[in-house]
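Visitor: Got a predicted structure here, sequence first:
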Amino acid sequence: MLAHIAFNLHIHLVFVTKYRQKVLSELTIRELKEIFTAIYAALCECDGKDDHVHLLVQYPPKVKLSTLINNLKGVSSRYIRENIPEILGSYRKTVLWSHSYFAGSFGGAPLSVIAEYVKQQRKKAAFPPQPKGPGIHAEFKWLASVIKPRK
């Protein structure tokens, strides 16, 4: 049914480890990138820090976002459980990811800005100092500052 339509849908996903435990090394994130690519070939970027991972994914409108996220989280968690069991050793249950996630569609920001943001996750001081206080998480305040409002 998709033969006669054109689409260019990108989604920025953030998955957080259960209890925000710092269990993701650079090597583990590289392995996760390979897993995510194998599950879903349209992975544009993937990087993260010790307790979360950012993904930039292109997906067809036929795929439900919740199904895509469940597949990415489920398969990657299963792979880690089977191949790197020491990561999940500190968890009571063998679950890598928290139930929560962030999914953002950025129509106002250029895709290159989002891709660069995802690539820079492990670099120190990659972005200007972030304000402290309540409200949107500091990482997303920077992202919101580069998005130009539509007129």
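Guide: Here it is on my side, so go on.
Visitor: isn't there a strand covering residue 102?
Guide: Yes - under DSSP: H, G, I helix; E, B strand; the rest coil, residue 102 falls within a strand.
Visitor: beta partners of it?
Guide: residue 14 (DSSP bridges).
Visitor: what does the model give it for pLDDT?
Guide: Looking at residue 102, its pLDDT reads 94.
Visitor: Check the one 3 residues further on too.
Guide: The confidence metric pLDDT takes the value 84 at residue 105.
Visitor: Can you verify my assumption that it contacts residue 10?
Guide: Yes - taking C-beta atoms under 8 Å as the definition, residue 105 is a contact partner of residue 10 at 7.2 Å. For every residue, glycine as well, the C-beta is placed using N, CA and C.
Visitor: Neighbour count: these two, which is higher?
Guide: residue 10 (18 against 10; other C-beta atoms under 10 Å).
Visitor: Quick check: the gap between that one and residue 39.
Guide: 17 Å (C-beta to C-beta, to the nearest Å).
Visitor: Next: residue 19.
Guide: 24 Å.
Visitor: which of the two has more neighbours?
Guide: Taking other C-beta under 10 Å, residue 19 and residue 39 do not tie; residue 39 has more neighbours (16 against 12).
Visitor: so who does that one touch?
Guide: Neighbouring residues of residue 39 by C-beta atoms under 8 Å, 6 or more residues apart in numbering: 71, 72, 75, 76.
Visitor: Residue 46 and residue 55 touch, don't they?
Guide: Yes - at 5.2 Å, residue 46 and residue 55 qualify as touching, with contact defined as C-beta under 8 Å.
Visitor: joint contacts of these two?
Guide: 36, 118.
Visitor: does the residue nearest to the spatial centre of the chain count as helix, strand or coil?
Guide: Centroid-nearest residue in the chain: residue 54, 2.6 Å away (criterion: C-alpha atoms, centre = their mean). Three-state call for residue 54 (three-state DSSP): strand.
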